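Trainee: curious how this folds, go ahead:
(chains A and B)
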Amino acid sequence: MTNPNKPVKAARYGMAIDIDRCTGCGACMVACAVENNVPPAHAGANDRKGITWIRVYKVDNGGDGDGRRSAFVPVLCQQCGNETPCVHVCPQQAVDVDPATGIVGQMPERCLGCRYCMAACPYHARYFNWWDPAWPAGMEKTFNPDVAPRMRGVVEKCNFCHGRWHAARQQATAEGKPDTEPVAYLPACAEACPTQAISFGDLNDEAGVTAAAARGRDSFRLLEKLDTDPKIHYISKREWVRRIADAPRPGDGKESRRG
Amino acid sequence: MTTTRRNLFKLTGGAAVGAMLTPAPWRLITDSALWSENWPGIPRPRRGEVTFQFGNCSLCPAGCAVRARCVANQPVSLAGVAAHPLSHGALCAFGIAGHHLPYHPGRLKSGPAAEANQAVRAALGQLRGAERCAVLDLRPGRTASWTYRRAMAAIRNGVYLAPAAPIAINLAAAKTVFSLGAPLFDGWGTPGNVIAARDHFRLIQAEPVESRTAIMADLWLPIRPGSEEALALGIANLLLKEKKIAGLPAGFADRLREFPPTMAAMHSGIGEQQIAALARELQDNGPVLVLGENGSPYAAALNLILGAPGRTLVLRREAPVPDDWKKAAPVADLASVPDGSIRVLLIDESATGEALPWSAIQSKLAEKAVVVTFAWSKEGYGRQAAFTLPTAVYPESLDDIPPAVDSPAAAFRLSAAWVAPPDGVVNPADFVAGLAGLAAKDALQERAAAIRKSGRGSLFVPSSATSTPARDVKPDDFWKMLQAGATWIDDLDANAPAPKLDVPALPAGTASSAFPLVVVVTEPDTPALVSPLLSKVYQESNLRLAPESVALHPSDARACGLETGSRARLETDCGSVAVNVTVDSDVPPGVVQVAGGPGIRKICGASSRARVVRS
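Mentor: Residues are numbered from 1 along each chain as shown, chains lettered A, B, ... in the order given. Below you'll find the model as predicted:
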């Protein structure tokens, strides 16, 4: 926890995700689940009731045949910086925005499971534990000790691998660095991405790769019109991809079950 | 009523008992989680010293380098090794969760090893005439493969069977890659190597569905299902107008005449002008690499015509082996074995590789044949074999991983062995060596010594991210470093001749009203077991088709009486397998899109047509 009495050089951690490099392999989704002790699917889970802190969606330009083009868009908590919707609706104060990092934190211990935050989130990036988490016998040996598993009846979501942030913070302290300075670390999804489509860093660090990518001409954010100031920036040279970020095509009744 | 001490005690006691009947105290106990994070029933992570270990993933032939974060020596997360010269830091979704496999509920932990040994020895003692004892190795090129070959040389009528090794590909040399449906960005070769080379070549993908590779391509040609052959022959027609090529198989000229560019355009749905432009581009923008389904004669023919051998297709030396190993049985093809001649068949499917249809194997078996398979689960040939013996899963055993198809140089690296295997597992190489009376326990170390002795190549050490000439490493250190995750990479042979590219015989036309659907594989081959966490990409997001699943266009699904969630059987001329059905309007009509699970791989190997029947 950051000491509130010390002057802190606030970080604004964020991502720049290059959609044109994303192959939709799903490595980020699996790495995230491994890192954060997310349980495997319950038999009754589906794409609405599953828990995927980062989810890769397949989107298309609406064309048919020769004119059809698709892309993969990884969507995770957008870490809204302005009027964060989930923070405002939580009756338990189980969600907050850390002023030192800009990360929207979720405290499952406080969550009473009302799911107002899920209804408020415009990005569908929050997930509810519909069932008791269960792992095959012995698999609990592979748990990440930095993250506590959650119970049935609470909401959870991406926190930019807070366990890794803590580890980086401790490492910096051990090296004698001031605890008021932002630390560099990588969330599991960014580390796992085989095409390096996900860049993570402090958006306040103007010289940083992530901040530069986020400022680029082809950069955009999801539902920017809502003015929630998301910290996930997407990059694509394709105009149709940039367009869908702001005005998603309503369901066209296709019988598609994937993506 | 007077307030006495007795009444006060009564009130207090009554209140305490009454409170126990309300939810309040129980709720308080549950809420203690607020401070302890200790929910009843939720397992707690173990604590311990955090260390990092290096190794190589053996889930597929890519053999990507892995760094494991271990807590109390138990791997808790896996990541790639950024500076690795072969895998370039990439690790696929299967590899990232590979450390869960020892705890997979479907893995085999014990089997009838003694009974299998007895049955095999009895059958070997009763071999008649030309009856054979054969080992079928699904991932040839390993040190274990050499053990099998040595053992088969020592056993009467021993035969070593393995799928033909593909010619090595130098992707970095390619300027244009023309892919006839090859999954270049989804499980082909070494993922990190493909990504590293991507910026240097133009990718043209001809495929009926918009696969992941098609999405990443510079140009996607959405051809009609099953028209890869027509398109390839149309292009070959145009290319052969300008030059003559030797080495094309008999019948190729006849087939060429059947598919002039006009006919190719009609079949593939690609305009004649576009085919001509494509042929020009392939001619002018070389070196070119043409990729197709494994063993595709059309891709091989185009490679030959476009001069790929020696440029993008290269001859790769094998990693050295001790001299006394060379008296080994030759590598034979299953097709070369007479029907009904194999009395003892030992199948090593513990290392995922190319699968052969069971129908092709079955025809080779003699009467009363004994079939033993070494596997992680019952899902593969275990359904047909008399004995299924469990083997160690990744990351439980030390084994070497032969170089992937896109590695132009030989390589030697060891799989990770970070978790102790259960007592009941069998080492297939030791089992087979035992039949022949060979001592093969130290085979890996002997081979490492032979490699070090050759003085060739360099050793990449992941912990320091440095490469050292192998001759500069002390012999003892060489073995220790390999065990600690180092990779030996051979020098490229500058004087190597161009590989001889055999164009396989052209298959007969497979169109049949019995099998009306064209099979399109859009998911990578999955290992025999995958982490339960892969549910994130299957069941919980529908990002990928799960193993043993198929997707159909709504019109085809209706015709078959199927809907999403139906159980059905996928049938080809090689057999049938139970599958789950997904209805998806993204799948073109006339196509059955399949995900490569152990069952599907065995029936779709030699067939490109299928039908789906409700079960």
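Trainee: what residues are up against residue 218?
Mentor: Going with chain A. A:Asp218 makes contacts with A:Ile235, A:Ser236, A:Lys237, A:Arg242, as judged by CB atoms under 8 Å, 6 or more residues apart in numbering or on different chains. Where C-beta positions appear, they are placed from N, C-alpha and C, glycine not excepted.
Trainee: that answer is for a different chain, and I need it for chain B
Mentor: B:Arg202, B:Leu203, B:Ile204 are the contacts of B:Asp218 under CB under 8 Å, 6+ apart.
Trainee: so what touches whatever helix or strand the last one lives in?
Mentor: B:Ile204 belongs to strand B:202-206 when elements are defined using DSSP states H and E. Here strand B:202-206 makes contact (CB under 8 Å, 6+ apart) with B:175-181, B:184, B:211, B:213-214, B:216-221, B:223, B:228, B:231, B:268, B:270, B:278, B:281, B:285.
Trainee: if we use 7 Å, what do you get?
Mentor: With contact meaning CB atoms under 7 Å, 6 or more residues apart in numbering or on different chains, strand B:202-206 is reached by B:176-181, B:184, B:213-214, B:217-221, B:223, B:228, B:231, B:278, B:285.
Trainee: which outside residues touch the helix or strand harbouring B:Ala276?
Mentor: Here B:Ala276 sits within helix B:272-284, counting by DSSP H and E. Residues outside helix B:272-284 that contact it (CB under 7 Å, 6+ apart) are B:176, B:178, B:204, B:234-235, B:238-239, B:261-262, B:264-265, B:288, B:306.
Trainee: show the buried residues in the residues you listed.
Mentor: Neighbour-count burial (16 or more other CB atoms under 10 Å in any protein chain shown) applied to the contacts of helix B:272-284 gives B:Thr176, B:Phe178, B:Ile204, B:Gly234, B:Ile235, B:Leu238, B:Leu239, B:Pro261, B:Ala264, B:Ala265, B:Val288, B:Leu306.
Trainee: now the second one: which helix or strand?
Mentor: Mapping B:Phe178 onto the secondary structure by DSSP H and E places it in strand B:176-179.
Trainee: send me the helix ranked longest in chain B as CSV with only the CA atoms.
Mentor: Longest helix in chain B by number of residues, with DSSP state H as the criterion: helix B:5-20. Output of helix B:5-20 as CSV, limited to C-alpha atoms (Å, rounded to 0.1, in the frame of the first residue of the first chain):
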residue,chain,number,x,y,z
ARG,B,5,-28.0,-12.5,39.3
ARG,B,6,-29.7,-15.8,38.4
ASN,B,7,-32.1,-14.0,36.0
LEU,B,8,-29.2,-12.1,34.4
PHE,B,9,-27.4,-15.4,33.8
LYS,B,10,-30.6,-16.9,32.4
LEU,B,11,-31.0,-13.9,30.0
THR,B,12,-27.4,-14.1,28.9
GLY,B,13,-27.5,-17.8,28.4
GLY,B,14,-30.8,-17.6,26.6
ALA,B,15,-29.6,-14.9,24.3
ALA,B,16,-26.4,-16.8,23.5
VAL,B,17,-28.4,-19.9,22.7
GLY,B,18,-31.0,-17.9,20.7
ALA,B,19,-28.2,-16.2,18.8
MET,B,20,-26.9,-19.5,17.7
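Trainee: if we can go back for a sec, output the strand holding B:Phe178 as PDB, restricted to C-alpha atoms.
Mentor: Extracted in PDB, the C-alpha atoms of strand B:176-179 (Å, rounded to 0.1, in the frame of the first residue of the first chain):
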ATOM      1  CA  THR B 176       7.100 -15.100 -50.700                       C
ATOM      2  CA  VAL B 177       5.200 -17.900 -49.000                       C
ATOM      3  CA  PHE B 178       2.300 -19.400 -50.900                       C
ATOM      4  CA  SER B 179       0.300 -21.500 -48.600                       C
END
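Trainee: in PyMOL, select just the buried ones from the contacts of A:Asp218.
Mentor: Those of the contacts of A:Asp218 that count as buried under 16+ other CB under 10 Å are selected in PyMOL with:
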select buried, chain A and resi 235+236+242
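Trainee: which SS state does B:Val577 fall under?
Mentor: At B:Val577, secondary structure determined by DSSP: H, G, I helix; E, B strand; the rest coil is strand.
Trainee: looking at chain A, which residue is nearest chain B?
Mentor: With CB to the nearest CB, the shortest gap between chain A and chain B falls at A:Gly50, namely 2.5 Å.
Trainee: identify the residue nearest residue 39 in space, chain neighbours excluded?
Mentor: Picking chain A for this. A:Pro133 (3.8 Å; CB to CB, 6 or more residues apart in numbering or on different chains).
Trainee: my bad, the chain I had in mind was chain B
Mentor: Closest to B:Trp39 by CB to CB, 6+ apart is A:Met151, at 4.3 Å.
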